[in-house]
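whatever this is, show me its structure:
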Amino acid sequence: MTVIALSRPLSARPSPARARRAATRAHARSNVTWELRSFTATAGAIMVGFVLALLYLGSSTGVSTLGYETQQLQERRDELRRRSALLEVQLAKLGSPARIQTEARRLGLVHVSFVPVVPAGSLAARR
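Presented below is the predicted three-dimensional model:
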């Protein structure tokens, strides 16, 4: 059997000084928990605000970057359209029959009215 020794008898009441100290400790603990809760709530609110600010900055930066890229692509598209129009004009100029005929005369080419055709059978027999 185990015997437990008590520091005070069970029937004895705690002294008033001890009761005041216990009450002061309980009050101090309740102040600490209130201060800790208040600090935690404030820190949490600051963190939420910080995260929201980062999200806003990230999204606004992304939107402005996409706007800049869109503008650059539109400028490139306009330049390519301009080049395409110039090439179509140049193609029309170079492909005109009058220009082809003038260039052929300059190179010494003549218009042939008769084109002789050689049958392939006689060429194959000579081999």
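
most centrally placed residue in the protein?
In the chain, the centroid-proximal residue (CA atoms, centre = their mean) is G62; its distance is 6.4 Å.

which helix or which strand is home to that one?
In the assignment (DSSP states H and E), G62 maps to helix 16-94.

which is the next helix or strand following that helix?
Helix 16-94 is succeeded, C-terminally, by helix 97-107 (DSSP H and E).

now do that following helix against helix 16-94, angle only.
Helix 97-107 runs at 60 degrees relative to helix 16-94, counting by axes from the mean of the first three to the mean of the last three CA atoms, to 10 degrees.

tell me the mean pLDDT for helix 97-107?
Across helix 97-107, the average pLDDT comes to 90.

what is the distance between that helix and the centre of its chain?
Here helix 97-107 is found 56 Å from its chain centre; the criterion is CA atoms, centre = their mean, to the nearest Å.

that one packs against which elements?
Contacts defined by 3 or more CB pairs under 8 Å, 6 or more residues apart in numbering; DSSP states H and E place helix 97-107 against no helix or strand at all. C-beta coordinates here come from the backbone N, C-alpha and C atoms, glycine included.

identify all contacting residues around it.
K93 (CB atoms under 8 Å, 6 or more residues apart in numbering).

give me the low-pLDDT residue ranges for the chain?
1-14, 19, 22-32, 121-127 (pLDDT under 70).

what do you get if the cut-off is 80, keeping everything else the same?
1-32, 34, 118-127 (pLDDT under 80).

now L109: phi and psi?
phi -80, psi 150 (degrees, to the nearest 10).

that one: what's it in contact with?
Applying CB under 8 Å, 6+ apart, no residues contact L109.

relative to S38, how far out is it?
99 Å (CB to CB, to the nearest Å).

likewise P119?
109 Å.

higher neighbour count, the two?
S38 (10 against 7; other CB atoms under 10 Å).

number of nearby residues for V63?
V63 has 10 nearby residues by other CB under 10 Å.
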